[in-house]
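**Q** Below: sequence and its predicted model.
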Amino acid sequence: MQPFSKFTGLVIPLDRANVDTDAIIPKQYLKSIKRTGFGPNLFDDWRYLDPGEPGMDHGKRRINPDFVLNKPAYQGGEILLGRENFGCGSSREHAVWALTDYGIRAVIAPSFADIFYNNSFKNGLLPIALSEAEVDSLFTRANKGDGFSLEIDLEAQQVRSGDGDVYRFEIDPFRKYCLLEGLDDIALTLQHADDIRAYEARRQAEAPWLFATH
Amino acid sequence: MTGKTLYDKLWESHVVREEDDGTALLYIDRHLVHEVTSPQAFEGLRLAGRDVWKRSSVLAVPDHNVPTTHREAGITDPVAKIQIETLDENCRAFGLTEFTMDDIRQGIVHVIGPEQGATLPGMTVVCGDSHTSTHGAFGALAHGIGTSEVEHVLATQCLLQKKMKNMLVSVDGEAGPGVTAKDIVLAIIAEIGTAGGTGYAIEFGGDAIRALSMEGRMTVCNMAIEAGARAGMVAVDDVTIDYLRGRPWAPAGDLWERAVAQWRDLVSDADAVFDKVVRIDASAIELQVTWGTSPEMVLPVSASIPDPAAEADPVKADGIRRALDYMGLEAGQAITDIMVDKVFIGSCTNSRIEDLRAAASVVEGRKVADNIKLAMVVPGSGLVKKQAEDEGLDAIFRAAGFEWRDSGCSMCLAMNADRLEPGERCASTSNRNFEGRQGQGGRTHLVSPAMAAAAAIEGRFVDVRNVS
Ligand code: SF4
């Protein structure tokens, strides 16, 4: 995983609550066995007017001009601004892959669904929870469509606007560290392989049926 | 010392090590795997040259993409076919147990785990699927994970986790006649909202939960995720133990006795403290129908569609307006005036034998209404299907005009050929009514199996107790 560095990005305001992972990436694209290539189908049902299927040339489909991702003012955006309970529903990590494949590097919302939140960190996508009031004010700014950008500084745990506003966010120290360093969780865990084996030996004595083979 | 909750006990018995900041390595006993969320995880293992840590913990099954008709002819969708073949191939290569598509034990992953006794009390159970919460019905700690975590569990048998908070949802007293587990859980979601359980592990308790069968408890825990909680659980009692006795993967003989003795402790202590307690009066729960595009948009069948103009919160009012528009409904319309196009009885929420019996008892001797384009029953597993056929339920459904299918996820998420066309309205026993969930532009109303059966017979939503 790439280390997460400080960046400034254009903000895309997606003004809906409870955006679910079915909406982020519809089920027909989950048949892929790869981790990449989901970007063109991010928010597929909202973004295009015609139904999409895997394998189509998505560049030739009819786009929905009213959907925020299609508006000229938000092209190249790297920060998605959302409402409460962002990423609810299915556990599909494809939702995060679609966001990152599209070029989103951070999502700001008042709250996130647990599994989505967790999946984000595994893919270098930073979910930032700010208060309802802060998110509201960001929507007011971003809705103007005049190139509103934010600087995301994970190290300092700050979101900064060009006009001097600073929003502080909380993040679990371990997650922050892994993201900043671009660490592979599995390698980290395997450093504790002896602890895992010791646990297994203890547990097998207590509850041998958990170790049965079938 | 204060007592422990069921969740505390499950958590503590699985911590391998804990960092100062509370991040723990949590040991995983059972890892269920399906075709959609696993290929990238196996690919990750291969790229890193890693092996599976504990093969015996894995049970794999294809369910999301499998066809529910003419299965013997194989899969016609080439993309789905590759995905299922990839699962078969990965299981072969890594030496993992898989119930392949032609195995009678194949079915929806959350149906077959309990059916086989592969889900046991006291276990940690994970799957790359959010409805893994289902397995918590057995006094297990069960939750969905993403694909990176699937890879992590395959490689290390552990997950990196922080402890969640404890919530008790106590459904007190006795539910009224005809009120099912599905109505109870929809009423719970109506009460706490789709994000109400975020950050919590929910224990469902109270007389009305204790009175449910294991299958009913699974229905309730299945939808814990629709209330925002990754894990839902029910304490172990005789109902749990009776269900498991003699299941193929359950312990037997002396081990069974030892296991049961341990399982009896899988209850919250009387003096345990929960971070949050929600009490619901079971006798006030009515038969539920969702009307919108989020499971919390749910009302009693006797109610009318809400008016966004009456909602003070502008974000909520906007949500209602958007939902009514998508669903093609008018504020003030009676739910019983909503006509239905398709009926789907199935999914990991409601495709077990008791669900099929409940639906069949409504359908028996009646006919599906003329306006219904398709009514289908998709049993949760090959074994459920066989049992239903042994009981003659398939004949009842077919005689009424239902299609009787092979097991799988089917129209719950419409990854295979079973789907809604744009604008079609469905009475569905599944768990998600999101936009496009059952097919692009499709309109989903979540109900219990009996209510879905009643909608098929009447062609619109009705109180099943009034079906004459
Ligand atoms: S039946 Fe539906 S909810 Fe359950 S596992 Fe399958 S797709 Fe997911």
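**A** Received, thanks.

**Q** Which neighbours in the sheet does the longest strand seen in chain A have, and how are they oriented?
**A** Ranked by residue count, the top strand of chain A under DSSP state E comes out as strand A:7-13. Counting by DSSP bridges, the strands paired with strand A:7-13 are strand A:79-81 (parallel), strand A:149-153 (antiparallel).

**Q** Would you mind giving these as JSON lines with mean pLDDT added?
**A** Shown next, in JSON lines, are the strands paired with strand A:7-13 (pLDDT from 0 to 100):
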{"stretch": "strand A:79-81", "mean pLDDT": "98"}
{"stretch": "strand A:149-153", "mean pLDDT": "98"}
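
**Q** nearest to the ligand, of these?
**A** Closest to the ligand of the strands paired with strand A:7-13, according to Cβ to the nearest ligand atom: strand A:79-81, at 25.3 Å. Any C-beta I mention is one placed from the backbone N, CA and C, and that applies to glycine too.

**Q** picking that back up, could you identify which of the strands paired with strand A:7-13 is most buried?
**A** Compared across the strands paired with strand A:7-13, strand A:79-81 shows the largest average neighbour count, a mean of 27 (mean count of other Cβ atoms under 10 Å in any protein chain shown).

**Q** Now find how far off-centre it is within its chain.
**A** Centre-to-centre, strand A:79-81 and its host chain are 10 Å apart (Cα atoms, centre = their mean, to the nearest Å).

**Q** Then stretch B:353-360?
**A** On Cα atoms, centre = their mean, the centre of stretch B:353-360 falls 16 Å from the chain's centre.

**Q** buried sites along that stretch?
**A** By neighbour count, with 16 or more other Cβ atoms under 10 Å in any protein chain shown as the criterion, the buried positions of stretch B:353-360 are B:353-360.

**Q** Now do the longest strand belonging to chain B: everything it contacts.
**A** In chain B, taking DSSP E as the definition, the longest strand is strand B:165-172. For strand B:165-172, the external contacting residues (Cβ atoms under 8 Å, 6 or more residues apart in numbering or on different chains) are B:5, B:7-8, B:184, B:188, B:192, B:197, B:199-209, B:229, B:268, B:272-282, B:285.

**Q** Return a PyMOL selection command for the buried portion of the residues you listed.
**A** Of the contacts of strand B:165-172, the buried ones go into a single PyMOL selection, burial set by 16+ other Cβ under 10 Å:
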select buried, chain B and resi 5+7+8+184+188+192+197+199+200+201+202+203+204+205+206+208+209+229+268+272+274+278+280+282+285
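
**Q** For my notes, confirm B:Asn433 occurs in a helix.
**A** No: using DSSP: H, G, I helix; E, B strand; the rest coil, the secondary structure at B:Asn433 is coil, not a helix.

**Q** can you pull the contacts of it?
**A** Counting by Cβ under 8 Å, 6+ apart, B:Asn433 makes contact with B:290, B:292-295, B:297, B:444-446.

**Q** ranges for the strands of the stretch 351-468 of chain B?
**A** Using DSSP state E, counting those that start in this stretch, the strands found in the stretch 351-468 of chain B span residues B:374-377, B:403-404, B:425-428, B:443-446.

**Q** now for those strands, which one comes closest to A:Phe116?
**A** Nearest of those to A:Phe116, taken as Cβ to Cβ: strand B:443-446 at 21.1 Å.

**Q** Give me the residues contacting stretch A:153-167.
**A** Here stretch A:153-167 makes contact (Cβ under 8 Å, 6+ apart) with A:4, A:6, A:108, A:126, A:128, A:130, A:134, A:137, A:141, A:148-152, A:168-171, A:176, A:179-180.

**Q** Restrict it to CA atoms and write it as PDB.
**A** The C-alpha coordinates for stretch A:153-167 follow below in PDB (Å, rounded to 0.1, in the frame of the first residue of the first chain):
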ATOM      1  CA  ASP A 153      -3.200  16.600   6.500                       C
ATOM      2  CA  LEU A 154      -3.300  13.200   8.200                       C
ATOM      3  CA  GLU A 155      -0.200  13.800  10.300                       C
ATOM      4  CA  ALA A 156      -1.700  16.900  11.900                       C
ATOM      5  CA  GLN A 157      -5.300  15.400  11.800                       C
ATOM      6  CA  GLN A 158      -6.500  18.500  10.100                       C
ATOM      7  CA  VAL A 159      -8.600  19.500   7.100                       C
ATOM      8  CA  ARG A 160      -7.800  23.000   6.000                       C
ATOM      9  CA  SER A 161      -9.500  25.300   3.500                       C
ATOM     10  CA  GLY A 162      -7.700  27.900   1.500                       C
ATOM     11  CA  ASP A 163      -9.500  30.700   3.300                       C
ATOM     12  CA  GLY A 164      -8.100  29.700   6.700                       C
ATOM     13  CA  ASP A 165     -10.700  27.400   8.200                       C
ATOM     14  CA  VAL A 166      -9.200  24.500  10.100                       C
ATOM     15  CA  TYR A 167     -11.200  21.300  11.000                       C
END
